[in-house]
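# give me a 3D structure for the following:
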Amino acid sequence: MICIVGPSRSGKSIATLAAGSVIGIGKASDFVTWNITDARLEQRLSGFNDCLFPIDDLMALRAQNDRDRYLRIQGIAYKLAQGWATGRHDGFTSRRGKNHAGWRTIALTSNEVSIRALARKVGLERQRGEAVRLIDLPAFDDGEGHIFDRMPRNLSSASMVDWKRQKFSEIVEASEENHGAAYRRYVASLISMGSRLAPFVQSRISYFIRHVRDGQDTDLSRDIAKRFAVLYAGGMLARRAGLVGWDGKELLAAISKCYVKARAMLPDDGELLRTGLENLAPKLATLPVLSSRNEGQFDRKRCDVLEGFKKSGTRPPTYIIKRHVFDGLFVSRHQQELVEAWMLNNGQLTRALSKGEKSNVAVPKEQHIWPDGDRRRSLEVRWYC
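Below is the predicted model:
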């Protein structure tokens with residue numbers, strides 16, 4: 001389940017666009033909403049097999065407070081993923097002439113805040129299994145107030161409001177007019193590929209995963225990457241069928257961007273490490289350079305107030321940073337420990353030697369001599385740019 005996070009208007013517009021390519025919903029007023037019982041939800045899901053299931057605004061969930069809302073969202077995530085309705089005694093289903101309902105679908109919804117933010121608000125942490133099934137994806141880029149990647153240049157604020165309103169109207173109108181057309185053509189194209197389909201999809205999935213992976217990936221981020229890789233493969237199939245005008249590079253860039261934004265929302269050590277290192281780099285860049293020409297300016301008074309300094313002429317660039325400054329860069333003790341362990345293992349933090357041992361131990365050295373001759377509690381960082 002992909003949760004698009006942002007103002008509900010943006011979420012509705014994106015979902016409306018998606019609805020235009022599936023069977024079953026032709027306009028926004030036909031949306032299923034979260035003001036629904038679990039039994040009714042199961043009934044509706046089974047009608048969207050092998051299709052997208054757009055459902056409107058998680059804030060409409062029937063719950064008395066944020067904690068109840070989050071716990072219900074968590075339960076729904078597992079329910080959607082299991083693919084089967086609540087099991088009942090055979091006597092119940094046989095009297096109604098039915099088997100237990102099942103589904104295979106992707107649900108698309110929106111919410112005013114991320115699921116991660118909702119969990120933290122009530123003092124809970126998202127479970128990894130839930131995060132794989134219910135993927136947070138911010139609708140907006142940082143600092144932007146809309147969902148559009150490309151807009152006309154030099155628009156005034158008033159003109160931008162009118163431009164966005166017009167685009168949203170065009171999306172809704174086009175979705176209603178072309179409802180179902182892309183779906184039929186897409187399925188016909190898949191059928192025509194025959195035995196070539198599976199190798200085509202698998203090669204695109206593998207290519208996408210190779211493209212987005214990095215050294216801080218964990219099992220969780222790789223699982224999420226596989227899900228976005230399926231979207232990329234589907235987009236390449238749509239391109240092959242002549243349904244979209246994007247070239248391969250545009251499609252890869254768009255899906256990769258969505259994946260990176262979703263990865264940043266994970267309850268994942270790899271993402272904590274990645275963002276921790278990203279927090280450290282700009283801080284090191286602000287530290288003044290210590291050289292033979294200005295060493296006299298680093299007297300005791302200045303060293304007391306400095307956060308650290310860069311050693312001149314070192315390769316790789318080497319920094320001394322006060323311990324409390326370093327610690328303050330991270331959102332939690334756990335994130336700090338992840339960054340320290342990674343840097344120690346990669347030779348980017350000077351290690352301390354235990355007394356009587358010849359080999360280094362995995363603990364950073366915390367006392368370094370500053371230019372005024374005093375030892376201060378600090379770390380020596382070698383930063384490979």
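# what residues are up against Thr286?
If you count contacts by Cβ atoms under 8 Å, 6 or more residues apart in numbering, Thr286 has them with Glu307. The way it works is simple: take the backbone N, C-alpha and C, and place the C-beta from them, glycine included.
# so what does it have for phi and psi?
Dihedral angles of Thr286 (phi, psi; degrees, to the nearest 10) stand at phi -90, psi -10.
# now do Ser110
According to degrees, to the nearest 10, Ser110 has phi -140, psi 160.
# gap between whichever strand in the chain runs longest and the chain center?
Determined from DSSP state E, the single longest strand within the chain is strand 375-382. Its chain's C-alpha centre and that of strand 375-382 lie 34 Å apart, by Cα atoms, centre = their mean, to the nearest Å.
# elements contacting it?
strand 318-322, helix 323-327, strand 367-369 (3 or more Cβ pairs under 8 Å, 6 or more residues apart in numbering; DSSP states H and E).
# in CSV, list the C-alpha atoms belonging to it.
Extracted C-alpha coordinates of strand 375-382, given in CSV (Å, rounded to 0.1, in the frame of the first residue of the first chain):
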residue,chain,number,x,y,z
ARG,A,375,43.6,18.8,25.5
ARG,A,376,39.9,19.0,24.8
ARG,A,377,37.2,16.3,24.6
SER,A,378,37.0,16.0,20.8
LEU,A,379,37.1,13.6,17.9
GLU,A,380,39.4,13.4,14.9
VAL,A,381,37.5,12.9,11.6
ARG,A,382,39.0,12.0,8.3
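# which of the helices and strands packed on strand 375-382 has the highest mean neighbour count?
Highest mean neighbour count among those (mean count of other Cβ atoms under 10 Å): strand 318-322, with a mean of 21.
# with mean pLDDT and distance to Asn279 added, can I get the helices and strands packed on strand 375-382 in a markdown table?
Below are those laid out as a markdown table (pLDDT from 0 to 100; distance: least, Cβ to Cβ, whole Å):
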| stretch | mean pLDDT | distance to Asn279 |
| --- | --- | --- |
| strand 318-322 | 95 | 12 |
| helix 323-327 | 94 | 10 |
| strand 367-369 | 91 | 21 |
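# between those, which one is closest to Ser110.
Taking Cβ to Cβ, helix 323-327 is the member of the helices and strands packed on strand 375-382 nearest to Ser110, at 37.5 Å.
# following the closest one, which helix or strand comes up?
The helix or strand immediately downstream of helix 323-327 is helix 333-345, counting by DSSP states H and E.
# give me the angle between that following helix and strand 375-382.
Helix 333-345 and strand 375-382 meet at an angle of 70 degrees, taking axes from the mean of the first three to the mean of the last three Cα atoms, to 10 degrees as the criterion.
# and helix 333-345, what does it pack onto?
For helix 333-345, the packing partners by 3+ Cβ pairs under 8 Å, 6+ apart are helix 269-285.
# pLDDT averaged over the helix it packs on, what's the number?
On average, the pLDDT along helix 269-285 is 88.
# what angle do it and strand 318-322 make?
Using the same axes, to 10 degrees, helix 269-285 lies at 100 degrees relative to strand 318-322.
# which residues touch helix 269-285?
Contacts of helix 269-285 (Cβ under 8 Å, 6+ apart): 214, 216-218, 220-221, 263-264, 307-308, 310, 317, 319, 321, 325-326, 329-332, 334-336, 338-339, 342, 381, 383.
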